[in-house]
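Need coordinates for the following:
(2 chains)
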Number of protein chains: 2
Amino acid sequence: MPRYKLTIEYDGTGLVGWQRQDSGPSVQATLEAAAERLDGNPCVFFAAGRTDAGVHATGQVTHVDLVKDLSAEAVRDGLNFWLTREGSRRQVAVVESELVDDQFHARFSAIERRYLYRISNRRSPPVLERGRVWWVKRPLDAAAMHEAAQCLVGHHDFTTFRASECQAASPMKTLDVLSISRVADEVHLIAESRSFLHHQVRNMVGTLKLVGEGKWRVGDVRKALEARDRRKGGQTAPPDGLYLTGVSY
Amino acid sequence: MPRYKLTIEYDGTGLVGWQRQDSGPSVQATLEAAAERLDGNPCVFFAAGRTDAGVHATGQVTHVDLVKDLSAEAVRDGLNFWLTREGSRRQVAVVESELVDDQFHARFSAIERRYLYRISNRRSPPVLERGRVWWVKRPLDAAAMHEAAQCLVGHHDFTTFRASECQAASPMKTLDVLSISRVADEVHLIAESRSFLHHQVRNMVGTLKLVGEGKWRVGDVRKALEARDRRKGGQTAPPDGLYLTGVSY
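Residues are numbered from 1 along each chain as shown, chains lettered A, B, ... in the order given. A predicted model of the protein is given here:
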């Protein structure tokens, strides 16, 4: 059975997240239904990042084994046909497709995952970007947020930024990049790591927002990190602003 | 009664357009309902551009007279409160507000209107940008489109690009700018004129797409213009990709 590495884009609005669940439509189930129409057989997708409900992706990476021997382009176009046919949600698309050997595993072979978090930082509510950003009305100091973020870069115990339901064996992670900058009326946060704890990016964003608003000083983020206590961190930022943008192998 | 010049952003998806109509929700009716909640009196909005169903705006300009004597900021924030309260569509927002004298008229004082048309030009269907772009799968030659577009700049009879239901007294218009460029996997068209005929931008886009696809030569656009016959132009591009981005006074 040929194995395909597929790069996936999705609008997570109204989806229960990557993983198949009984509670509603998931990205995984959407892809598997399309692949079964294409291949004529039940298919299982594996993903680099199991994104939460409402989280988007421009560069999620998945793999799937098919029975039919199709070209990479035929798999991309065939899946997109079934994903966007009349009556479908049209929230998931395949942007790249590549034939890989059966040693490749979208989740276990990944060495780096990249996320973008978008905050709309303006007085007026975003209407064209609603569901795509977190709206924070009060002006944020992106430079202070960036400075405060640098204490999170490196190898740390991220318990303060870990959801209680996180299933990782250890709270120790190495954060390679955490960069915050202003882009017109948005504030963008870019995070890169081999892997992240559950809600880690959204909890870091909610904490750094306190610095941006001037409620916290730069040094308060280090104190929160060192406390190793979720209650010492800021709120969990909403899923709307989060995008899985890429994965390295 | 104080007069306010309000710059408006909207997601036109599912709206019948700027103008109040019995057939569905309009931008005008949405704004007038919010203003009546704020002012306690029936209000009438006038707009620089009466955009069609499904067309978006980032810089529509309107004016309204209120009975209450409110600051410009209070009008912006008060309208945004009513426009985005629980249960509302949240498709319309006020981005700027300014107190103006009663000589100012959003429609009749305007001397330049600017539109952007976005084409998503890639193999995969746009899912995060669906409803925000026109998806054209086949690769477009943006440079050829730009070259062909230049014969439309200037003072011309635009009958070929005019909707049959257009109510303008004359098909003569002066097009100041028509610029096409590639921006990553999108092709952007920028059009500037004192005023446009009904569907003029969308009909120009649909015609220039034929050049981008290689079906028409650059010179065929001039021939279509000179024919002064709507049947000699290309298709009307869908409203999804069109944005009213700004108005000059």
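
can you give me phi and psi for the nearest residue to A:Arg123 once chain neighbours are set aside?
Leaving out its chain neighbours, the residue that sits closest to A:Arg123 by C-beta to C-beta, 6 or more residues apart in numbering or on different chains is A:Lys137, at 6.1 Å. All C-beta atoms are positioned from the backbone trio N, CA, C, and that covers glycine. Reported as degrees, to the nearest 10, the phi and psi values for A:Lys137 are phi -70, psi -50.

Quick one: neighbours of A:Lys137, just the number.
Residues near A:Lys137, counting by other C-beta atoms under 10 Å in any protein chain shown, number 13.

and what of the one 10 residues further on?
Using other C-beta under 10 Å, A:Glu147 has 14 other residues around it.

cool, and A:Arg162?
21.

show me the contacts for the spatially closest residue to it that is not a sequence neighbour.
Of all residues not flanking A:Arg162 in the chain, A:Leu197 sits nearest, at 4.3 Å (C-beta to C-beta, 6+ apart). By C-beta atoms under 8 Å, 6 or more residues apart in numbering or on different chains, the contact set of A:Leu197 is A:Phe158, A:Phe161, A:Arg162, A:Ala163, A:Cys166, A:Ala168, A:Pro171, A:Lys173.

any idea how far A:Leu197 is from A:Ser170?
Using C-beta to C-beta, to the nearest Å, A:Leu197 is found at 9 Å from A:Ser170.

helix or strand for the residue nearest to A:Arg162, which one?
Remark: A:Leu197 resides in no helix or strand, with elements defined by DSSP states H and E.

Dihedrals phi and psi, it?
phi -80, psi 160.

tell me which of the contacts of A:Leu197 is nearest to chain B?
Of all those, A:Ala163 has the smallest distance to chain B: 25.0 Å, by C-beta to the nearest C-beta.

who touches the closest one in this structure?
Contacts of A:Ala163 (C-beta under 8 Å, 6+ apart): A:Leu197, A:His198, A:His199, A:Asn203, A:Arg230, A:Thr236.

change it to 6 Å
A:His198, A:His199 (C-beta atoms under 6 Å, 6 or more residues apart in numbering or on different chains).

Report how many residues lie close to A:Leu244.
28.

so what's it bridging to?
A:Ala57, A:Tyr115 (DSSP bridges).

ok, now A:Leu175?
A:Gly154, A:Ser193.

check contacts around it.
Under the contact definition (C-beta under 6 Å, 6+ apart), the residues listed for A:Leu175 are A:Leu152, A:Val153, A:Ser193.

Compare the residues you listed and tell me which has the most neighbours.
Going by other C-beta under 10 Å, A:Leu152 tops these with 22 neighbours.

Angles on the backbone of that one, please.
According to degrees, to the nearest 10, A:Leu152 has phi -90, psi -20.

Can you name the residues that contact it?
So A:Leu152 contacts A:Leu175, A:Leu178 (C-beta under 6 Å, 6+ apart).

Look at it and report its pLDDT.
For A:Leu152, the model assigns a pLDDT of 98.

SS state for A:Gly219?
State at A:Gly219, reduced to three classes by DSSP: H, G, I helix; E, B strand; the rest coil: helix.

can you tell me how far it sits from chain B?
Separation of A:Gly219 from chain B (C-beta to the nearest C-beta, to the nearest Å): 34 Å.

Need the contacts of A:Leu175 in TSV (columns: distance to B:Met1).
What follows is those, written out as TSV (distance: C-beta to C-beta, whole Å):
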residue	distance to B:Met1
A:Leu152	54
A:Val153	57
A:Ser193	58
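
ok, so of the residues you listed, who is nearest chain B?
Using C-beta to the nearest C-beta, those come closest to chain B at A:Ser193, 23.1 Å.

what pLDDT does the closest one get?
pLDDT at A:Ser193 comes out at 98.
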